[in-house]
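Novice: what would the 3D arrangement of this be:
(one chain, ligands or ions: 2)
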Amino acid sequence: SNKYSEAEGKEYLAKLNQELLRYSNMAAIAEWAYASNITEENLQNKLKVAAETARFQKEAWKETIKYPWKEYKDPVVKRQFKKLSVLGSAVLPEDKYEKLDKIVSEMQNVYSVAKICDFNNKEKCDLNLEPELTLLMAKSRNPEELKHMWVQFRQQAGDKVRKEFTEYVALTNEAAKLNNFSDASEEWLKDYETEDFRDQIQALWLQLKPLYEQIHAYVRRRLNEKYGDSVVSKDGLIPAHLLGNMWSQNWGNIYEITTPYPGKVASDATPYMVEKGYDAHKMFKLSEEFFTSLNLTAMPDTFWKNSILEKPVGRNLVCHASAWDFYDGKDFRIKQCTRITHRDLVTAHHEMGHVQYYLQYKHLPKVHRRGANSGFHEAVGDTIALSVSTPKHLRRVGLLPADSKDDPESQLNYLYNMGLEKIAFLPFGYLMDLWRWDVFKGKTTPENYNCEWWKLRQQYQGIEPPVDRSEANFDPGSKYHIIASVPYIRYFVSFVVQFQFHRALCEKAGQFDPKDPDRLPLHECDIYQSKEAGNLFGSMLSMGSSRPWPDAMEVMTGQRKMDATGLMEYFRPLLKWLEAENKKTGEKIGWTPSDARHV
Ligand SMILES: C=C(C[SeH])C(=O)N1CCC[C@H]1C(=O)O
Ligand SMILES: [Zn+2]
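Specialist: Ligands and ions are numbered 1, 2, ... in the order given. Okay, the predicted model is just below:
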């Protein structure tokens, strides 16, 4: 038979798959060693293993593209060949590949070791982003202290990597062009296998924007009341440092100063976790129990042995939470500098969702051990956390008092708190890659990196920096995903599809009836212990990326598209309340750009 027949193609894939798994395991071990203990030795080892892996990938690719896979019959074989025929950054000449790997590693190092001095004690200059600055940005109600931390962190992080980032863009685009893409943004978007993907995202944003403008107007009023006109205007942009988060990407930490109905129980588990002596391990065990209650898979023993669930002392590491697949079907880990807070309990579920996906698709060939798309991977844990966060569930697991109120005002407070997390995030989740796509396309050049960043922050989020910014600054570089080269539109996708998943699972669990949505409000649904819901979830997760994501979406929800109706249904009572409240106080919906105001 002629060489490269479909039968020989299948045989080739089987052998190649074993090699891919072996190299991926080696690479993950070396990357983990560096990310969990940043030393020169671990960096050198990581670069060496990455270079070996790239060499192997390039050799394999030369063989792979000889197979006439487009003529083959078996769709799963064709799909594997299609994915393996795009080489990625390994296409670069070895010296450029190493340079790119070194630059991204160095940018992560700068970000991870950044330290600033305490606002109240100029001698104390060992405040890290995690945990100190994260906790202070959440807790401080002193605009001057918040401004100090906001400016100083950017000075120690983003401003220091502007040059490296410019080189990173050039090398990443060079790799994309060698892979026959016009630029890196096109290579990043290929995984969504959707021609009009950007149009779909823009359409979703336009549907969701009115909801964002309502919560923005309400929060602006409450902050204006608290801090006064000299700090927060009534109808303009919200200063970025007052929103409880270093990047203003979620606003849950200012719930307590903007509560719609003060005095009603907050659905914050933090005090009860502390009271019950929770530690990081117990937080992750609680999460694992939710997954097993759905008939999904428990963590293997290696997970508890190899994971890092608390910040180690005495060494530098990348604290940004992450979940790892070591591609041997046994070794899966989470690295998280966990604090005993409600937010970190939600993040623990987010990371456990990644590991559950790894466990559900570990039988697949290596190229299919991925999310149906990257947004799906980010949505798994968050979908579970939508059930876990409900007052009903927190009471059930003893993380809220059994007798805590469930009256309409407490329910609205809860929904508002969820809105500060989920609605506030949407424009940020979108603009991160709007900025990066323009950078890869060359529309945004180094001369206007920062100016374009703040234009997008103003246009989509309606926020402004607490102090004037210039091109001496590089604010995007103070966000982990920008310096770690992690695409971000996946989180916007996740924040939309997780509500479609939640609605489908709640229906399956008999906790939501689309024909009578007021009887069982979607935001009160808790799928805990529903094996029907868990089996439905598992049937989608076990597909990995072996089929295009609309097929996975259809298995889960019966729909083939992303749509905002899940999120809109979940927040329907909040939107009604916000519109009435903003009308009552005569808020201007939207914002007047600051320069226009100064005119
Ligand atoms: C928790 C993770 C690790 Se995949 C994360 O990066 N997230 C989760 C939500 C958005 C995004 C962020 O922190 O910026
Ligand atoms: Zn994630």
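
Novice: count the neighbours of the nearest residue to residue 585 once chain neighbours are set aside for me.
Specialist: Of all residues not flanking residue 585 in the chain, residue 221 sits nearest, at 6.0 Å (CB to CB, 6 or more residues apart in numbering). To be clear about C-beta, it is placed using only N, CA and C from the backbone, and glycine gets the same treatment. For residue 221, the neighbour count with other CB atoms under 10 Å is 20.

Novice: surely residue 221 forms part of a helix?
Specialist: Yes. With DSSP: H, G, I helix; E, B strand; the rest coil as the criterion, residue 221 is located in a helix.

Novice: pretty sure it contacts residue 238?
Specialist: No. Under the criterion of CB atoms under 8 Å, residue 221 is not in contact with residue 238, lying 10.3 Å apart.

Novice: picking up where we left off before, what separates the residue nearest to residue 585 from ligand 1, distance-wise?
Specialist: Distance of residue 221 to ligand 1, computed by CB to the nearest ligand atom, to the nearest Å: 27 Å.

Novice: what's the answer for residue 255, then?
Specialist: Distance from residue 255 to ligand 1, by CB to the nearest ligand atom: 17 Å.

Novice: go ahead and confirm that residue touches residue 416.
Specialist: Yes. Shown here, residue 255 and residue 416 form a contact pair, counting by CB under 8 Å, at 7.4 Å.

Novice: sec struct for the residue in the stretch 51-200 of the chain positioned nearest to ligand 1, please.
Specialist: Relative to ligand 1, the nearest point of the stretch 51-200 of the chain is residue 134 (10.7 Å; CB to the nearest ligand atom). Using three-state DSSP, the structure places residue 134 in helix.

Novice: that one: how many residues sit nearby?
Specialist: 20.

Novice: begin at 44 from now on, thanks
Specialist: Right, with 44 as the first residue, what we last looked at is residue 177.

Novice: that one against residue 290, yeah?
Specialist: No. Counting by CB under 8 Å, residue 177 sits too far from residue 290 to count as a contact (10.8 Å).

Novice: mind listing the strands for the stretch 94-243 of the chain?
Specialist: Using DSSP state E, counting those that start in this stretch, the strands of the stretch 94-243 of the chain run over residues 158-159, 170-171.

Novice: leaving out the residues flanking it, which one is nearest to residue 171?
Specialist: Closest to residue 171 by CB to CB, 6+ apart is residue 158, at 5.8 Å.

Novice: hang on, the one you found packs against residue 168?
Specialist: Yes. Between residue 158 and residue 168 there is a contact at 6.3 Å, judged by CB under 8 Å.

Novice: among these two, which residue is more densely surrounded?
Specialist: Using other CB under 10 Å, the more surrounded residue of residue 158 and residue 168 is residue 158, with 15 against 11.

Novice: using a markdown table, lay out the strands of the stretch 94-243 of the chain together with distance to residue 238 and mean pLDDT.
Specialist: What follows is these, written out as a markdown table (distance: least, CB to CB, whole Å; pLDDT from 0 to 100):
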| stretch | distance to residue 238 | mean pLDDT |
| --- | --- | --- |
| strand 158-159 | 45 | 98 |
| strand 170-171 | 43 | 98 |
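
Novice: mind checking the SS state of the closest residue to ligand 1 within the stretch 144-293 of the chain?
Specialist: Using CB to the nearest ligand atom, the closest approach of the stretch 144-293 of the chain to ligand 1 is made by residue 292 at 5.9 Å. Classification of residue 292 using three-state DSSP returns coil.
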